[in-house]
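> Fold the stuff below for me.
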Amino acid sequence: LNTWLRMNRAARVGRFCTHAAPRHSFITTPIFYVNAAPHIGHLYSAVLADASHRWQKMKGAEPAAFSTGTDEHGLKIQKSAAALNCSPMELCNRVSLKFKELFDLANIGYTDYIRTTETRHREKVEWLWDRLFDRGYLYKSTYEGWYSVPDETFLSPSQVIDGPDPQTKVSKETGHLLEWSSEENYLFKLTALRERLLQWIDSEPHPIIPEVSRQLVQQWVAHETTSDLSVSRPRTRLTWGIPVPNDSSQTMYVWLDALTNYLTVSGYPSPAHFWPATAHIVGKDILRFHAVYWPAFLMAVGVEPPRRIVSHAHWTVGRSKMSKSKGNVVDPLDQISKFGVDPLRYFLLKEGNLNQDGNYSEERVARLLNTDLADTMGNLLQRITATKLNPQGPKVKFSTDLFSLGDRERSPINSVRTTDEDYALVNNLIALPGIVDKHYENFEFNRGITAVMGCLHQTNQFIDRHKPWELVLDSAQHSWLQTVLSVAVESLRLCSCLLHPIIPQSSEAALQRLGFDRDSNSTAATASSLGCLLRSEETVMRLEHGQLELGGNPLFRKV
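Numbers count the residues shown, from 1 in each chain. Presented below is the predicted three-dimensional model:
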């Protein structure tokens with residue numbers, strides 16, 4: 001039996017998706033540079049993308065693609081390999097494997113792991129170059145300016161400031177030391193696309209979030225796009241990269257190479273392609289490449305730009321930037337071994353955000369694990385599935401006679417047992433999927449998590465008010481006991497579904513304990529009523545459950 005709650009329109013807030021499920025979903029992380037092992041910031045990008053991918057799958061996006069991988073060309077790789085006395089390919093193989101192993105361990109559900117040294121990618125980069133050339137957007141000229149090896153880019157005069165030592169220059173944005181370079185390169189006619197870029201940046205819905213990042217990109221294009229972009233380097237300086245088609249004296253610009261990975265993964269321009277990307281997840285340090293250069297390349301060859309570029313903030317330690325010299329780089333593998341996969345994912349998505357740098361703290365990870373996950377979610381599951389509270393077996397039954405889900409005043413018996421706080425909990429559960437959807441769609445996972453945790457706190461208070469440990473002592477109260485447990489089960493079921501993108505393994509374990517079978521082939525198998533809550537004309541609460549798994553170990557272990 002499903003109980004259908006017919007509420008007035010004002011009470012049905014949150015029933016519908018803030019954004020309808022897209023026809024398709026294609027979410028990407030940046031591809032990560034292989035000059036060093038992965039750190040916690042890399043994992044954050046991947047977890048942010050993974051959570052969005054899982055949410056879109058739960059909402060029925062089809063197809064739902066998610067790519068990540070490694071960027072393996074460029075001068076930085078060439079120099080790092082030389083310093084390690086190994087070939088560039090050996091370095092790429094070694095470090096790319098570290099990223100892949102980390103993402104697999106962290107339950108990152110990518111559908112494609114791409115490496116820019118793959119043949120399929122080289123062919124796509126050559127395809128893009130040829131079309132840029134054929135359309136007249138590339139020309140050869142002498143180019144000189146300040147070059148950043150760590151950032152793999154030439155900088156405009158407005159991006160250059162004086163360094164700490166006389167006669168040195170550094171990047172205004174990254175602080176990296178620059179070197180002066182004068183060479184014959186191919187240039188891309190970036191200035192010819194300035195007005196089209198500005199129109200795209202201002203289009204609705206805005207293609208760049210958060211708003212502060214969109215305004216920054218708008219400023220770059222409006223005031224700093226005063227020269228064309230160098231898109232190759234002499235082969236004598238850069239050998240580790242894709243040669244320019246029909247000109248073996250030049251190597252393609254590493255960012256033109258790297259950005260094309262998104263087209264490679266999508267299969268464009270084959271009939272079965274799933275371009276455009278619905279969301280590129282990028283760190284704020286590479287926003288210019290993704291939000292200025294990449295859409296310009298695409299516009300030049302007549303390809304639709306990505307639907308959305310999501311720029312996120314960085315992670316600090318003790319409010320200080322992570323760096324090898326400071327010895328404060330956080331190793332995600334070490335943190336997973338200390339806290340577990342889901343607690344670390346939870347911390348990153350609750351504490352990280354798009355606008356302000358997060359501060360990584362092991363003490364804070366432990367606190368959230370203990371208070372939110374163990375004491376709130378885990379403790380609720382232990383209470384619901386306690387053998388002593390289920391004397392009639394693992395099947396609980398809801399009584400509409402004892403807890404009316406319609407008009408409370410029509411059922412006098414209700415006034416004795418239920419309270420205003422109980423109905424506030426039910427109404428909050430009804431609204432919760434829409435609230436969470438709005439936040440998740442805007443990549444505000446921290447706000448969505450806070451809303452879910454609020455309902456879990458309310459549910460624990462609901463248990464405290466009705467004291468099932470006292471009800472179980474009186475057989476005449478067992479129908480009411482089962483009704484109380486049914487409401488708590490439904491709350492935890494719904495919250496577990498909504499937290500599935502955040503803590504997938506723990507959510508699945510909780511749902512199994514609550515009697516909801518999971519289909520290994522479908523992320524949304526136990527979230528079917530979530531779809532109803534988001535899309536149906538009516539709001540549904542599912543109050544017939546499977547058999548509880550009574551007893552059992554704690555869902556989370558405190559540290």
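> so what does the strand or helix carrying Thr483 touch, helix or strand wise?
For Thr483, the host element (DSSP states H and E) is helix 478-498. Contact partners of helix 478-498 among helices and strands, from 3 or more CB pairs under 8 Å, 6 or more residues apart in numbering; DSSP states H and E: helix 379-384, helix 420-441, helix 445-466, helix 468-471, helix 504-513, helix 528-535. C-beta: built from backbone N, CA, C; applies to glycine.
> closest to Asp104 out of those?
helix 504-513 (13.1 Å; CB to CB).
> what about dumping the CA coordinates of the closest one to PDB?
Provided in PDB are the C-alpha atoms of helix 504-513 (Å, rounded to 0.1, in the frame of the first residue of the first chain):
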ATOM      1  CA  PRO A 504      27.000   5.800  -2.200                       C
ATOM      2  CA  GLN A 505      28.300   2.800  -0.400                       C
ATOM      3  CA  SER A 506      26.800   3.800   3.000                       C
ATOM      4  CA  SER A 507      23.500   4.800   1.400                       C
ATOM      5  CA  GLU A 508      23.200   1.400  -0.300                       C
ATOM      6  CA  ALA A 509      24.000  -0.300   3.000                       C
ATOM      7  CA  ALA A 510      21.400   1.700   4.900                       C
ATOM      8  CA  LEU A 511      18.700   0.900   2.200                       C
ATOM      9  CA  GLN A 512      19.500  -2.800   2.300                       C
ATOM     10  CA  ARG A 513      19.100  -2.800   6.100                       C
END
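> Quick check: buried residues in that helix?
Applying a neighbour-count criterion of 16 or more other CB atoms under 10 Å, the buried positions in helix 504-513 are 504, 506-513.
> Could you check the helix or strand containing Thr316 and say which residues are buried?
Using DSSP H and E, Thr316 sits in strand 315-317. For strand 315-317, the neighbour count (16+ other CB under 10 Å) marks 315-317 as buried.
> Quick check: what element follows that strand along the chain?
Past strand 315-317, the next helix or strand by DSSP H and E is strand 320-321.
> Neighbouring strands - and their directions - for that next one?
strand 315-317 (antiparallel) (DSSP bridges).
> now the partner strand, how far from the chain's geometric center?
Distance of strand 315-317 from its chain centroid, counting by CA atoms, centre = their mean, to the nearest Å, is 18 Å.
> And the pLDDT for Glu144?
Listed pLDDT for Glu144 reads 79.
> these two touch, right, it and Glu183?
Yes - contact criterion CB atoms under 8 Å: Glu144 and Glu183 qualify, at 7.4 Å.
> of the two, who's got more company?
Using other CB atoms under 10 Å as the criterion, Glu144 and Glu183 rank with Glu183 on top: 17 against 12.
> roughly how far apart are the nearest residue to the more buried one once chain neighbours are set aside and Leu432?
With sequence-adjacent residues excluded and distances taken as CB to CB, 6 or more residues apart in numbering, Glu183 is closest to Pro234, at 5.3 Å. Using CB to CB, to the nearest Å, we find Pro234 at a distance of 58 Å from Leu432.
> follow-up on the earlier one: the strand holding Thr316 - what's its average pLDDT?
95.
> What residues sit buried inside stretch 157-173?
159-160, 169-171.
> After the helix or strand bottoming out on mean pLDDT in the chain, which helix or strand is next?
Lowest on mean pLDDT, DSSP states H and E among the helices and strands of the chain sits strand 3-5, with a mean of 30. Following strand 3-5 in sequence order, the next helix or strand is strand 25-28 (DSSP H and E).
> Check the offset of that following strand from the chain's centre.
Relative to its chain's centre, strand 25-28 lies at 10 Å (CA atoms, centre = their mean).
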